[in-house]
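Visitor: How does the following fold in three dimensions:
(chains A and B)
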Amino acid sequence: MSTKELVSTIEIPATTSRQDELYQEGAATYGAALERLARAYEADADVRRDLLQDIHVELWRSFQTFDGRCSMRTWIYRVAHNVGASHIIRQRRNRADTLVGLEELENLPDATSNQALDRNQALDRLLQLMQQLKPLDRHVILSYLEGLDAAAIGEITGLSATNVATKIHRIKNLLARWFQQGGKSND
Amino acid sequence: MTELQNNSVQEIWQSQPVEVTKVSVEELRRRAGRFERKIRWRNIREYVASLIAAGLMGYFYITAHDVASRVTFALFIAAMLWIVIALHRMGSARRTPHDVDTLTTQQFYRAELERQLAVVKNVWWWYLAPMVPGMIGCSVSYIMKPHHAATWAGLAFMNALFIVSFYGVWKLNTRAAHCLERMINDLNVATQ
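Guide: Just a heads-up that it's a prediction; the model follows:
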């Protein structure tokens, strides 16, 4: 079943406001991306379910003030990432793990094995990598993996074009190292 | 050749199987409403408590027979009004705007935490200090009353009660300040 088919089963009351319609459209188009985003922010399935609910509530609430000055995609990613970042900061109080930046991760000795990976292993490793990152860097790598270009990432994060370009360069190096594929990842 | 080498990491990420969460608009409305109601009730509780206390002081003001007591209750009423206004102006939490990028949101959130920290750290100036004139007035009016036998013990008890209340309020705010400092530290560690 496709994403759109799944989301189309959302129950909408007979009288929907513009806010409801925008939410419905956003959830239908970006529902799967939001699921992937939540995976990068929370490893535990039960906690992730709550996080996703929070993202949806915040998205729905945010559409009350959506004025179309930025694209719906930018809006949705901004809201969702901000909920995700708040979640990381809240969770840090209960967990002892330390978050690192892309620069630090790049300088760490390669702890990964050289064995070839199948898709599931690659996905696990990707999640493991992302869950070590600080919110902003996690935000950039997620947006990169979702196929967003540097301009869109800059618009969502507020980082300058140069900063985004540097971070993407680092991400490519990291992915090449972690996945032993010689920097074949796409822009 | 491995499967991974035939696919980009981006393609693997985007094609991972996901089950899309289905949330009805009714459910969203209910959850959002629950949150708003919680905030609204918290504010109502604070204002109602202050109004009840001010009302009680107003009643004492009206029924008081001597000028010193009236001045004391008037000072307490003024202090309470001052506290309510200060709470409203400084303490109300501002919601994070949705139409801004991540960096701006982080700055806003940090500024909001720092503002709240300043409020609880300055509790002496906006909460406790305004009560001091009323407290002094209370002691003066007590001394002026003609029940000499119990005056000093009663006065000591009353002032001890004030001091314990002040200490309690200060301690609660110190705890809140530590909590906010931890939140700011967590935010700094996670974002810088």
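
Visitor: how about the helices in chain B?
Guide: Here chain B has its helices, by DSSP state H, at B:9-14, B:25-63, B:67-86, B:102-121, B:123, B:132-144, B:148-191.

Visitor: Next, the buried residues of the fourth one.
Guide: By 16 or more other C-beta atoms under 10 Å in any protein chain shown, the buried positions in helix B:102-121 come out as B:102-106, B:108-109, B:113, B:116-117, B:119-120. C-beta here means a position set from N, CA and C on the backbone, and glycine is covered the same way.

Visitor: thinking residue B:100 is in contact with residue B:108, fair?
Guide: Yes: between residue B:100 and residue B:108 there is a contact under C-beta atoms under 8 Å: 7.1 Å.

Visitor: Which elements pack onto the lowest-mean-pLDDT helix or strand in chain B?
Guide: None of the helices or strands of chain B scores lower by mean pLDDT, DSSP states H and E than helix B:25-63, at a mean of 82. For helix B:25-63, the elements it packs on are helix A:18-41, helix A:45-62, helix B:67-86, judged by 3 or more C-beta pairs under 8 Å, 6 or more residues apart in numbering or on different chains; DSSP states H and E.

Visitor: returning to that earlier point: least reliable of the helices of chain B going by mean pLDDT?
Guide: Lowest mean pLDDT within the helices of chain B: helix B:25-63, a mean of 82.

Visitor: Quick one: work out the angle between that one and helix B:67-86.
Guide: Helix B:25-63 and helix B:67-86 are oriented at 160 degrees to each other (axes from the mean of the first three to the mean of the last three C-alpha atoms, to 10 degrees).

Visitor: Give me the neighbour count for residue A:169.
Guide: Neighbourhood size, residue A:169 [other C-beta atoms under 10 Å in any protein chain shown]: 12.

Visitor: The helix or strand hosting it to helix B:102-121, inter-axis angle?
Guide: In the assignment (DSSP states H and E), residue A:169 maps to helix A:161-179. Here helix A:161-179 runs at an angle of 100 degrees relative to helix B:102-121 (the same axes, to 10 degrees).

Visitor: Which positions in helix A:161-179 come out as buried?
Guide: Using 16+ other C-beta under 10 Å as the test for burial, helix A:161-179 gives A:163-164, A:167-168, A:170-172, A:174-175, A:177-179.

Visitor: so which of these comes closest to chain B?
Guide: Nearest to chain B out of those is residue A:175 (C-beta to the nearest C-beta; 5.1 Å).

Visitor: quick one: the closest one and residue A:150, what's the gap?
Guide: Noted for residue A:175: a distance of 16 Å to residue A:150, by C-beta to C-beta, to the nearest Å.

Visitor: With residue B:153 instead?
Guide: 77 Å.

Visitor: and what of residue A:59?
Guide: Distance from residue A:59 to residue A:150, by C-beta to C-beta: 24 Å.

Visitor: more neighbours, those two?
Guide: Remark: of residue A:59 and residue A:150, residue A:59 carries more neighbours, 24 against 19, as counted by other C-beta under 10 Å.

Visitor: I'd guessed the more buried one sits against residue A:23; true?
Guide: Yes: between residue A:59 and residue A:23 there is a contact at 6.1 Å, judged by C-beta under 8 Å.

Visitor: Help me confirm that residue B:90 comes into contact with residue B:125.
Guide: No: between residue B:90 and residue B:125 there is no contact, the gap being 10.7 Å when judged by C-beta under 8 Å.

Visitor: so what's residue B:18 up against?
Guide: By C-beta atoms under 8 Å, 6 or more residues apart in numbering or on different chains, residue B:18 lies in contact with A:3, A:32, A:35-36, A:39.

Visitor: Looking at these, spot the one nearest chain B.
Guide: Within the contacts of residue B:18, the smallest distance to chain B is 4.0 Å, found for residue A:35 (C-beta to the nearest C-beta).

Visitor: Give me the neighbour count for that closest one.
Guide: For residue A:35, the count of nearby residues is 19 (other C-beta under 10 Å).

Visitor: And for residue A:136?
Guide: Close neighbours of residue A:136, defined as other C-beta under 10 Å, add up to 23.

Visitor: give me the low-pLDDT residue ranges for chain A?
Guide: A:1-16, A:92-97, A:106-117, A:180-187 (pLDDT under 70).

Visitor: Nearest the geometric middle of it, what residue?
Guide: residue A:37 (3.5 Å; C-alpha atoms, centre = their mean).

Visitor: Residue A:100 versus the closest residue to that one other than its chain neighbours, what's the distance?
Guide: Spatial nearest neighbour of residue A:37, chain neighbours left out: residue A:80 (5.4 Å); criterion: C-beta to C-beta, 6 or more residues apart in numbering or on different chains. Plainly put, residue A:80 is 22 Å away from residue A:100 if you go by C-beta to C-beta.
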